[in-house]
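Colleague: coords please:
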Amino acid sequence: MDPEEQELLNDYRYRSYSSVIEKALRNFESSSEWADLISSLGKLNKALQSNLKYSLLPRRLIISKRLAQCLHPALPSGVHLKALETYEIIFKIVGTKWLAKDLFLYSCGLFPLLAYAAMSVRPVLLGLYEKYFLPLQKLLLPSLQAFLVGLLPGLEEGSEIYERLVDIMSGLQALICRELVL
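Modeller: Reported below is the predicted structural model:
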């Protein structure tokens, strides 16, 4: 356990925040259809925003599992968009340091999404990549192979996201070249 995390566990406000998150996560257990998932994601969003003081999320493993489940290919794009909204809230809260440390948690749901995402979901997903993942620079390198494999399904010439994907891949190429020179 990270020393910062251990210190936070002694803070009663953080423990209270953790219990609010746990309560929001319990809503997913009773979800039986996609509309329930959207409602559960909305409650999780409110819980996440209830205490922006902490950049370390409590129960982040369970949060990441629930978000990945909400990105299942059989679910409609409305659930995917609401899940991406939750990812954005999380990325704003945690910042670069914790996103880099916990990238493996969030990438398991996000990286495969482009292969089956609806047209309305693709630009939002790419926006997350551009805004939060690319600025990680060399901290993204451990996940680079999975990230690239996740981007490849969108590289269809003539698609509405083709140019954005080319720009993202050019940024990754520049990153790799800088790291190879160093």
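
Colleague: contacts, neighbours, all on C-alpha from now
Modeller: OK.

Colleague: Just checking, which helix or strand of this structure averages the lowest pLDDT?
Modeller: Each helix and strand of the chain was given a mean pLDDT (mean pLDDT, DSSP states H and E); the minimum falls on helix 3-8 at a mean of 84.

Colleague: Could you point out the longest helix of the protein?
Modeller: helix 77-101 (DSSP state H).

Colleague: Report all helices and strands that that helix contacts.
Modeller: Where contact means 3 or more CA pairs under 8 Å, 6 or more residues apart in numbering; DSSP states H and E, helix 77-101 is packed against helix 34-48, helix 60-70, helix 122-128.

Colleague: If you count neighbours, what's buried in it?
Modeller: By 16 or more other CA atoms under 10 Å, the buried positions in helix 77-101 come out as 77-88, 90-91, 93-94, 96, 99-100.

Colleague: So what touches the following helix or strand past that helix?
Modeller: Using DSSP states H and E, the next helix or strand after helix 77-101 towards the C-terminus is helix 103-110. Here helix 103-110 makes contact (CA atoms under 8 Å, 6 or more residues apart in numbering) with 60-61, 64-65, 67-69, 71, 125, 143, 147.

Colleague: what about burial for those residues, which qualify?
Modeller: 64, 67-69, 71, 125, 147.

Colleague: Can you say which two of those residues are spatially most distant?
Modeller: Comparing every pair within the buried ones among the contacts of helix 103-110 by CA to CA identifies Gln69 and Phe147 as the most remote, at 18.7 Å.

Colleague: for the least confident helix or strand of the chain, the distance to its chain's centre please.
Modeller: On the basis of CA atoms, centre = their mean, to the nearest Å, helix 3-8 sits 23 Å off its chain's mean C-alpha point.

Colleague: what about the chain, any weak spots by pLDDT?
Modeller: 1, 182 (pLDDT under 70).

Colleague: So Ser159, which state does it fall into?
Modeller: With DSSP: H, G, I helix; E, B strand; the rest coil as the basis, Ser159 sits in coil.
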